[in-house]
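**Student:** can't give you the sequence, but here's the structure:
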């Protein structure tokens, strides 16, 4: 309760007491939603301004003491909230995200195996049936693609612009594969389309004796980029499988739980594809020796899987809760 000693302080307290009480309520809450966080910061700033006004225009010892305590507690909570944000980010980076990828590792490996096999089959088909290469376009067009266009694609735009374009396109494609997973069709469509496109590109360069160029330009960024696409497809298919066979849980609850895991994967994929876009924008078109470029790309790819297996396995072992709870940051 307020104990003002002047008419001015009494009037000021009455005018703003509801705001200060609301600030105390938010300060005392264990966690805040997004809108509540915005409201909390606004009320804290306003209360600080009110305290300055009270000190200069309507000084009252009791009011100053009480309002100072309110502002001080809110300031401490604000500092704690910011620290908690850093801790949440670190926890997501070392627990939630690698665990999300780790629980899908076998699905990802299976999807990768099938997708790569389709791409190889397409390349082998055209290698064994060279006359069929005409199905992919006129001879001169294919020759230009193999001799110039395929390599020029990676140097047509500045690295930053090209990387941003690739990142946006791949992230959107991956998120579609994840979000459309419930249909069971869209992830398969994305994976097959990608596999056929890669296989056809390799077949064209192989036909014109440029297959080494294909691998020199694909592998530096493609190891990580394609892995992200495999993860996206695996995530979508896992969601579809859960809808078909929910296990012991009610179907809607099982889908909801898998959907929560899927959100972590989607967020992680945006980050993984950002790294692969950096490789594609700056490493692949660089004039470094092709062996060094592939080695760098392979190192980044191996680092990703080490992150998944080391941190994901540790998170799984240390968790004594249900998977859906273990993902909470």
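**Tutor:** Thanks, I have the structure now. A quick note: this is a predicted structure, and the numbers were derived from the prediction, not measured.
**Student:** thought residue 47 was touching residue 20?
**Tutor:** Yes: at 6.0 Å, residue 47 counts as touching residue 20 under the criterion of C-beta atoms under 8 Å. Every residue, glycine included, has its C-beta placed from N, CA and C.
**Student:** Common neighbours of the two, please.
**Tutor:** 67, 70 (C-beta atoms under 8 Å, 6 or more residues apart in numbering).
**Student:** Sort out which residues of stretch 50-57 are buried, please.
**Tutor:** 50, 51, 54 (16 or more other C-beta atoms under 10 Å).
**Student:** what secondary structure does the nearest residue to the first one once chain neighbours are set aside sit in?
**Tutor:** Take residue 50 and drop its neighbours on the chain: the residue closest to it by C-beta to C-beta, 6 or more residues apart in numbering is residue 16, 5.6 Å away. Classification of residue 16 by DSSP: H, G, I helix; E, B strand; the rest coil places it in helix.
**Student:** Please report how far residue 16 lies from residue 26.
**Tutor:** 15 Å (C-beta to C-beta, to the nearest Å).
**Student:** list the helices and strands the lengthiest helix in the chain packs on?
**Tutor:** The helix that spans the most residues within the chain, counting by DSSP state H, is helix 211-244. Secondary-structure packing of helix 211-244 (3 or more C-beta pairs under 8 Å, 6 or more residues apart in numbering; DSSP states H and E): helix 105-128, helix 150-152, helix 159-179, helix 186-207, helix 251-278, helix 290-318.
**Student:** One more pass at 10 Å, please.
**Tutor:** Applying 3 or more C-beta pairs under 10 Å, 6 or more residues apart in numbering; DSSP states H and E, one finds that helix 211-244 makes contact with helix 97-102, helix 105-128, helix 150-152, helix 159-179, helix 186-207, helix 251-278, helix 290-318.
**Student:** in the fourth one, what counts as buried?
**Tutor:** Residues of helix 159-179 classed as buried: 159, 162-163, 166-167, 170-171, 173-179 (neighbour count, 16+ other C-beta under 10 Å).
**Student:** Kindly report the same for the longest one.
**Tutor:** Residues of helix 290-318 classed as buried by neighbour count (16+ other C-beta under 10 Å): 290, 293-294, 296-297, 300-301, 304, 307-308, 311-312, 315.
**Student:** likewise the fifth one?
**Tutor:** The neighbour-count check on helix 186-207 (16+ other C-beta under 10 Å) flags 186-188, 190-191, 194-195, 198-207 as buried.
**Student:** rewinding a little: if you look at the buried residues of stretch 50-57, which of them are in strands?
**Tutor:** Among the buried residues of stretch 50-57, DSSP state E puts none in strands.
**Student:** Okay, residue 152 and residue 162: tell me how far apart.
**Tutor:** 12 Å.
**Student:** Identify the contacts common to the two.
**Tutor:** Taking C-beta atoms under 10 Å, 6 or more residues apart in numbering as the criterion, residue 152 and residue 162 both touch residue 285.
**Student:** before we move on, the earlier item: got the helices and strands packed on helix 211-244 as a markdown table, with mean pLDDT columns?
**Tutor:** Below are those laid out as a markdown table (pLDDT from 0 to 100):
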| stretch | mean pLDDT |
| --- | --- |
| helix 97-102 | 92 |
| helix 105-128 | 97 |
| helix 150-152 | 92 |
| helix 159-179 | 87 |
| helix 186-207 | 95 |
| helix 251-278 | 89 |
| helix 290-318 | 94 |
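**Student:** And residue 20, how far from residue 27?
**Tutor:** Separation of residue 20 from residue 27 (C-beta to C-beta): 10 Å.
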